[in-house]
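1. I need the structure of the sequence given here:
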Amino acid sequence: MDYVVSIDQGTTSTRAIVFDRAGRPVATGQLEHRQLFPRPGWVEHDATEIWANTRQVIGMALSKADITRHDVAAIGITNQRETVVVWDGKTGRPIHPAIVWQDTRTQADVDALAADGGADRFADVTGLPLATYFSATKIAWILDHVEGARARAEAGELLFGTTDTWVLWNLTGGPRGGVHVTDVTNASRTLLMDLRTLDWREDLLEAFRVPRAMLPEIRSSSEVYGHASSQSLLRETPIAGILGDQQAATFGQAAFERGESKNTYGTGNFLILNTGEEIVRSRHGLITTVAYRLGEQAPRYALEGSIAVTGSLIQWLRDNLGIIGSAPDVEPLAASVDDNGGVVIVPAFSGLFAPHWRPDARGAILGLTRYATKAHIARAALESVALQTREVIDAVCADAGVAVEELRADGGMVANDLLMQFQADVLGVPVLRPAVVETTALGAAYAAGLAVGFWSGLDELRDLWREDRRWEPAMPADERDAHLARWRDAVPRTFDWA
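-> Have a look, this model is predicted:
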């Protein structure tokens, strides 16, 4: 068996990627799923569509690689975190569209909970502020708005999962014996798990009104959870790794030890700094989360800076404004002008996440004049990605008491050379792109492969990491300071809109 298959269930698409022993991608199957926006601030997915796509992309990847299940040692799963699926355990049918991590419909519930103890009411236990971003209020919303759902959940008839659990349950048989499990990284994003015990906590379940009977079992990130069912092309193959997408990218970047970090440029941006076995509390607007846990080993923790809108801003330019025809078109358009023409974009479509945590913020395009063109808007959009990242890295350095000497970057947007150079410029440190940029899927593959002995340990995985390209900072300090000053002036102007 020479391969591991990774299922990457993301916010905009689902992929299956076949990796070889050198950690190289051999073949990929990918399908996008619909983004549903029934009301302002609401974001939904069809979980049934996601599962159908998962089955298809597995077949696509195996076909392109010209292999069968007999060539596959294990399956790993990585996923969009915090997105909530609630389904009937007997039929396998969701009772409501999946509520996506970007959705803000539960803000009133969050405000009511924060009225007694503030936004950090549960932060000491969970590592998380009260926010619509996380899963708990989304679960309660579904139970409150689907007729009979709460009683059925309390009776154990309904199941909850983030999309890792949804894929795993279906892949292992669904209504015919599906395994109802999540891993510690995904559980740590729900506002329902105790960071110390790594288990659901009763007082949190009571506060958020979530019945324990509907929750999956919490397991480590690297162990055999079950095997693919007879209905799958990968039947009898062990499913042996689960990591939330940002933790998976960190693992794929070989950032295994304290002080190591990565930044993923995807639908949103997510910076993770490994803090080892220590739970570090943030005082600068970051999240404390679980980085990974291998089998029975002690868990590793992390500080995370979560940015809601980066790659999705480029999708907005494409789909809503029609400024570009495809996402890659944004780079040549932005490069056609020398600067942003005075335009600054603060993309607070879902409020602002780290380090501000302002759900009342809304997106703004500032500095418009008759001189501004769509090229200036495109350039300002790319610059906003890098400037938000600079804010988060400043917070990480303040919390951890360390200086970031280089930034390992991954995700779809790292193919944008203009963005990566501007990122290095506004940070003042080199930005590195790995040879394998699909680090999210790779991290899940690594976790699964470790569990079945496909790879020997973390040292072997660290040796597989290779640098593809680096960008050195080249912007004069006064120009960088001017960008940062303009950004810091723009951000507060988006507050108090909602």
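2. quick one: residue 98 and residue 48 touch, right?
-> No: taking contacts as C-beta atoms under 8 Å, residue 98 lies outside contact range of residue 48: 9.5 Å. Quick note: C-beta positions are derived from backbone N, CA and C, even for glycine.
3. which one of those two has more residues nearby?
-> A count of neighbours by other C-beta atoms under 10 Å puts residue 98 above the other of residue 98 and residue 48, at 29 against 18.
4. please name the bridge partners of the more buried one.
-> With DSSP bridges as the criterion, residue 98 is bridged to residue 45.
5. what is the burial count for residue 114?
-> 16.
6. got the contact list for it?
-> Residue 114 is in contact with 121, 130, counting by C-beta atoms under 8 Å, 6 or more residues apart in numbering.
7. and the pLDDT at the residue of the chain positioned farthest from its centre?
-> Most distant residue from the mean C-alpha position of the chain: residue 370, 37.9 Å away (C-alpha atoms, centre = their mean). On pLDDT, residue 370 comes in at 95.
8. one more: residue 410?
-> Per the predicted model, pLDDT is 89 at residue 410.
9. now it: how far from residue 100?
-> As defined by C-beta to C-beta, to the nearest Å, residue 410 lies at a distance of 22 Å from residue 100.
10. let me know the secondary structure of the residue nearest to residue 469 when sequence neighbours are not counted.
-> Spatial nearest neighbour of residue 469, chain neighbours left out: residue 433 (4.9 Å); criterion: C-beta to C-beta, 6 or more residues apart in numbering. With DSSP: H, G, I helix; E, B strand; the rest coil as the basis, the three-state label of residue 433 is strand.
11. could you report the neighbour count for residue 433?
-> Using other C-beta under 10 Å, residue 433 has 20 neighbouring residues.
12. looking at it, it is touching residue 466, isn't it?
-> No: with contact defined as C-beta under 8 Å, residue 433 and residue 466 do not form a contacting pair (10.3 Å).
13. picking up where we left off before, now for the residue nearest to residue 469: which residues touch it?
-> 409, 410, 414, 420, 467, 468, 469, 470.
14. these two touch, right, residue 317 and residue 381?
-> Yes: in this structure, residue 317 is within contact of residue 381 by C-beta under 8 Å, at 6.0 Å.
15. who has more neighbours out of these two?
-> residue 381 (26 against 21).
16. where do the strands sit along the stretch 151-300 of the chain?
-> 158-161, 181-183, 193-194, 199-200, 217-219, 222-227, 238-244, 261-265, 269-276, 287-292, 300-307 (DSSP state E, counting those that start in this stretch).
17. between those, which one is nearest to residue 19?
-> Residue 19 sits nearest to strand 238-244 of all those, at 11.5 Å, using C-beta to C-beta.
18. angle of the closest one against strand 287-292?
-> With axes from the mean of the first three to the mean of the last three C-alpha atoms, to 10 degrees applied, the angle from strand 238-244 to strand 287-292 works out at 160 degrees.
19. what is strand 238-244 packed up against?
-> Here strand 238-244 touches strand 72-79, helix 163-171, strand 181-183, helix 184-187, strand 222-227, helix 439-451, going by 3 or more C-beta pairs under 8 Å, 6 or more residues apart in numbering; DSSP states H and E.
20. any idea how far the second one is from the middle of the chain?
-> Relative to its parent chain, helix 163-171 has a centroid offset of 17 Å by C-alpha atoms, centre = their mean, to the nearest Å.
21. re the thing from before, now the residue farthest from the centre of the chain: phi and psi?
-> Here is the backbone geometry of residue 370 (degrees, to the nearest 10): phi -60, psi -20.
22. what does the one 4 residues further on give?
-> The main-chain torsion angles of residue 374 are listed as degrees, to the nearest 10 and equal phi -60, psi -30.
23. can you tell me which of the strands of the stretch 151-300 of the chain is most buried?
-> Comparing the strands of the stretch 151-300 of the chain by mean neighbour count (mean count of other C-beta atoms under 10 Å), strand 238-244 ranks first with a mean of 30.
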